[in-house]
Structure formats: C-alpha cells, structure tokens
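S.K.: Kindly return the folded structure for what I paste below:
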Amino acid sequence: MSVLVNKNSKIIVQGFTGSEGTFHASQMIEYGTNVVGGVTPGKGGSTHLDRPVFNTVKDAVEKAGADTSIIFVPPAFAADAIMEAAEAGIKVIICITEGIPVADMIKAYDYIKGKDCRLVGPNCPGVITPEEAKVGIMPGFVFKKGTVGIVSKSGTLTYEAADQVVKQGLGITTAIGIGGDPIIGTTTKEAVELLMNDPETEIIIMIGEIGGQLEADAARWIKADGNRKPVVGFIAGETAPKGRTMGHAGAIVGGADDTAEAKKRIMRENGIHVVDSPAEIGKNVKVAVPVWGDCKKTLPLLTNFIDPNNHSEWLKEFRNLEKEERSFVQRSFCFAGI
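M.R.: Residues are numbered from 1 along each chain as shown. Model (predicted):
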C-alpha cells in the first residue's frame with residue numbers, strides 16, 4: 001500500500017506543453033508513471049509526448065478519468081490552476097510552482113477547503129511511491145521500494161534521506177515533499193498522519209526547517225497518537241541568523257519556538273529520535289531494535305525488562321583468570337630481576 005499516489009493514479013500535467021512541464025512529464029513517463037494527458041488552454045485536441053492535450057482540467061477528468069494533477073504553471077497563474085483542478089474533481093493536486101503570491105495562495109487555500117481534494121505544495125518536489133508513480137521533480141533512480149516513509153520540507157534533503165535509507169539496504173513506501181512556502185496545502189502533521197496510518201510504512205523520517213510551528217504540531221500529535229511508529233527527525237537551518245529568510249519563504253525565525261534548537265527540543269520531548277546532522281539520518285533508521293526518543297532516557301527504562309541474573313559461574317571463571325594473569329605478571333617481573 002502507499003499514500004497519495006500509486007500505479008493506479010491517473011495523472012495529468014497542468015502546464016503540459018511548457019518547457020518545465022515537458023521536461024518533467026517526460027521524466028515521469030519514462031519512470032513508468034501513469035500520465036494520461038495534460039492541460040494547456042488553447043491546445044486542446046492535439047497531442048504532446050504521445051499523450052492527449054486538453055483545454056481544461058474538467059475535460060481531462062471527463063475524457064481521461066484523471067484523479068491526480070501536477071502543476072507546472074507560472075506563479076501568476078498557479079493559484080487559479082489549483083482552484084481549477086479542485087473544481088474539476090481532482091483528488092490529489094501537487095503544485096511544484098515556486099513564488100506564488102501569498103495573497104493568491106490565501107484565496108486558493110480558502111477555496112479548496114470545501115472541496116474533496118488534497119493539495120501538496122506549492123514550492124515542493126512532489127510525491128513519489130517508488131516503482132509505481134513519480135509525480136514530481138525528484139530523481140527517480142534514488143528511490144527504492146521499502147518500508148520507510150519520508151515527510152520533508154526540503155527537496156534536496158528528501159533525496160539525501162532516501163539515498164541514505166537505500167544504502168542501508170532499506171527502501172521507501174512514499175516520500176512526500178510538503179513544500180517550503182508560508183502557505184501550503186498539506187502540513188507536516190497531516191503528511192505524518194497519512195504515513196502513520198499506512199500499514200506498509202514501519203518507520204517515518206520527518207525533515208523540517210526553521211520557521212513556523214509545523215514540526216512542533218506534528219511532534220505533539222505523534223505523542224498524542226501514542227508513538228505508534230518510530231520517527232527519526234531532523235531540523236535544517238540551525239546556523240541561520242534570526243529574522244533572515246533562508247532559501248524557502250517559510251524558513252525564517254520569528255519567535256523563540258521557531259529556532260532549530262527549540263524545535264529539536266520539542267520533538268525529543270514528544271518521543272522523536274532527533275539527529276543533529278542529515279548525514280546521521282540513514283544510520284538511525286536501520287537499527288535492530290528501534291528506540292524512541294532520547295537513548296539516554298529510554299535505554300535505562302528498557303533494562304527494567306531484562307531478567308536479573310548474578311552470573312555467578314561467569315564471574316567465578318573471570319576471577320580465576322584474573323588471578324592467573326596477576327601471577328603471570330609477578331613471575332615475569334621476578335624473572336626480569338625487577
């Protein structure tokens with residue numbers, strides 16, 4: 001099982017014939033993703049990449065049965081593209097576009113609240129269910145199928161985490177890039193909840209960054225939900241100066257709880273195993289027995305479940321060996337005339 005997208009998803013590309021849409025759609029098709037067509041107003045009735053082009057999303061839904069859309073529309077028109085997809089009945093809307101005006105996103109966010117759909121992004125790398133569907137701009141070859149779910153604000157760190165997981169001999173169920181803009185459709189908590197309820201996902205990687213409350217909200221929900229699955233967390237931007245936007249529009253430290261240090265503290269308090277470097281993500285996923293939270297606190301608790309044993313026979317043998325060693329050392333000193 002997977003979340004959001006799979007081999008049965010019927011995907012259309014909004015902004016299909018543009019340069020970005022063409023390049024990434026061709027990559028998606030090559031990966032094996034079920035792209036059933038695309039939308040470019042005024043070019044309906046033609047074909048592109050051996051797929052039909054429609055004038056509207058509504059046409060794509062009615063004629064091709066589309067249920068998932070990926071958006072490569074310029075920022076000035078992207079919010080309208082989101083609302084058009086929601087109005088047409090698309091269930092999963094993945095918006096790659098970066099730089100959508102905040103006022104436009106407020107309007108689009110409010111509009112889709114009353115619709116039966118889920119928006120991922122904007123300003124995100126997309127969603128991938130390895131070996132089934134790549135609906136985004138991520139390098140597909142990095143991802144292998146497995147039991148680890150990924151939720152990330154950062155595109156690059158999504159790929160890095162996936163690569164580390166695969167090198168540990170594991171794989172990914174679904175990786176969700178939620179996006180780094182101030183207003184996004186799916187929060188960290190909502191994405192984690194999807195993976196927490198996915199029976200194939202056994203462990204979750206949660207990658208956040210400075211700014212906002214998304215990671216703290218997710219951490220508190222994870223604890224309230226009973227810490228059903230182990231979660232490995234990382235927060236990017238620890239060295240970022242306060243008040244300066246770093247990379248993503250949402251990555252800005254405003255209050256005391258927006259800092260990387262504060263977020264990591266909250267995550268640890270709620271049972272998430274937090275790493276201080278992205279290089280440590282993969283190592284902490286592959287463990288024989290997953291340990292939740294701070295190992296310094298949880299390991300002493302685990303020892304309470306170990307049956308007591310005084311190991312008298314082993315200790316007796318050890319003491320005898322210790323006596324023999326001392327005797328040998330003393331004889332050596334005497335032989336050397338010391």
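S.K.: now the helices: where do they sit in the stretch 151-300 of the chain?
M.R.: 155-167, 188-196, 214-224, 260-269, 281-285, 295-303 (DSSP state H, counting those that start in this stretch).
S.K.: ranking these by burial, who's on top?
M.R.: Mean neighbour count (mean count of other Cβ atoms under 10 Å) peaks for helix 188-196 among the helices of the stretch 151-300 of the chain, with a mean of 23. Quick note: C-beta positions are derived from backbone N, CA and C, even for glycine.
S.K.: Output that helix as PDB, nothing but the C-alphas.
M.R.: Backbone C-alpha positions of helix 188-196 (Å, rounded to 0.1, in the frame of the first residue of the first chain) are rendered in PDB as follows:
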ATOM      1  CA  THR A 188       3.800  18.100   8.300                       C
ATOM      2  CA  LYS A 189       1.300  16.700  10.800                       C
ATOM      3  CA  GLU A 190      -1.100  15.700   8.100                       C
ATOM      4  CA  ALA A 191       1.600  14.000   6.000                       C
ATOM      5  CA  VAL A 192       2.900  12.100   9.000                       C
ATOM      6  CA  GLU A 193      -0.600  11.000   9.800                       C
ATOM      7  CA  LEU A 194      -1.000   9.600   6.300                       C
ATOM      8  CA  LEU A 195       2.100   7.500   6.800                       C
ATOM      9  CA  MET A 196       1.300   6.600  10.400                       C
END
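S.K.: Give me the angle between it and helix 214-224.
M.R.: 40 degrees (axes from the mean of the first three to the mean of the last three Cα atoms, to 10 degrees).
S.K.: Just name the shakiest helix or strand of this protein by mean pLDDT.
M.R.: helix 295-303 (a mean of 68; mean pLDDT, DSSP states H and E).
S.K.: which strands and helices sit next to the next helix or strand after that helix?
M.R.: Once the chain leaves helix 295-303, the next helix or strand it forms, by DSSP states H and E, is helix 312-335. The helices and strands touching helix 312-335, judged by 3 or more Cβ pairs under 8 Å, 6 or more residues apart in numbering; DSSP states H and E, number zero.
S.K.: How far away from the center of its chain is helix 312-335?
M.R.: Distance, stretch centre to chain centre, for helix 312-335: 56 Å (Cα atoms, centre = their mean, to the nearest Å).
S.K.: same check, this time on stretch 37-45
M.R.: 32 Å.
S.K.: again with stretch 211-223
M.R.: On Cα atoms, centre = their mean, the centre of stretch 211-223 falls 14 Å from that of its chain.
S.K.: can you list the weak-confidence ranges in the protein?
M.R.: Applying pLDDT under 70 to the chain flags residues 1, 239-257, 287-299, 302, 333-338.
S.K.: Let me see the domain layout of it.
M.R.: The chain breaks down by automatic domain parsing into domains covering 1-122, 138-306, 307-338.
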